[in-house]
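In: got a sequence here, can you model it:
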Amino acid sequence: MLPYDIEDRMVECESAHLGCVVTTRQGDMIEFRRGTFQNRNTRYVIGVCLSGRQQLLVPRADIVGFDLVT
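Out: Got it, this is the predicted structure:
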């Protein structure tokens, strides 16, 4: 489960159509692409890995950090 402050900021970012970068537990930095979906009990964030530019589905539970892109 995401800390409420990170989840709230992601929702604000999505509704304001701003870019943001999230950090995973593994240390990957993912550009958030304004999309989520749920498969059974797991909610995923759709993003692009900044190191490899490949599209990823990141479990929300793996997100530990958030930065707004200006």
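In: going forward, measure contacts and count neighbours with C-alpha atoms only.
Out: Will do.
In: return the set of residues that bridge with Leu56.
Out: Note on Leu56: beta-bridge partners Gly47, judged by DSSP bridges.
In: how much space between it and Met29?
Out: 11 Å (Cα to Cα, to the nearest Å).
In: neighbours of Ile23, how many?
Out: Careful, residue 23 is Thr; it's not Ile. Counted by other Cα atoms under 10 Å, the residues lying close to Thr23 total 16.
In: and it, that one's in a strand?
Out: Yes: judged by DSSP: H, G, I helix; E, B strand; the rest coil, Thr23 forms part of a strand.
In: could you double-check that it sits in contact with Val64?
Out: Yes: with contact defined as Cα atoms under 8 Å, Thr23 reaches Val64; the gap is 5.8 Å.
In: circling back to that earlier point, and for Leu56 and Met29, which residues touch both?
Out: Shared contacts of Leu56 and Met29 (Cα atoms under 8 Å, 6 or more residues apart in numbering): Cys49.
In: and these two? which has more neighbours close in?
Out: Set Leu56 next to Met29 and count neighbours by other Cα under 10 Å: Met29 wins out with 20 against 16.
In: correct me if wrong: the more buried one contacts Leu50.
Out: Yes: applying Cα under 8 Å as the test, Met29 and Leu50 come out as touching, 6.0 Å apart.
In: Asp8 belongs to a strand?
Out: No: under the criterion used here (three-state DSSP), Asp8 is helix, not part of a strand.
In: report pLDDT for it.
Out: pLDDT, Asp8: 73.
In: ok, it - how many residues close by?
Out: Neighbour number of Asp8 under other Cα under 10 Å is 12.
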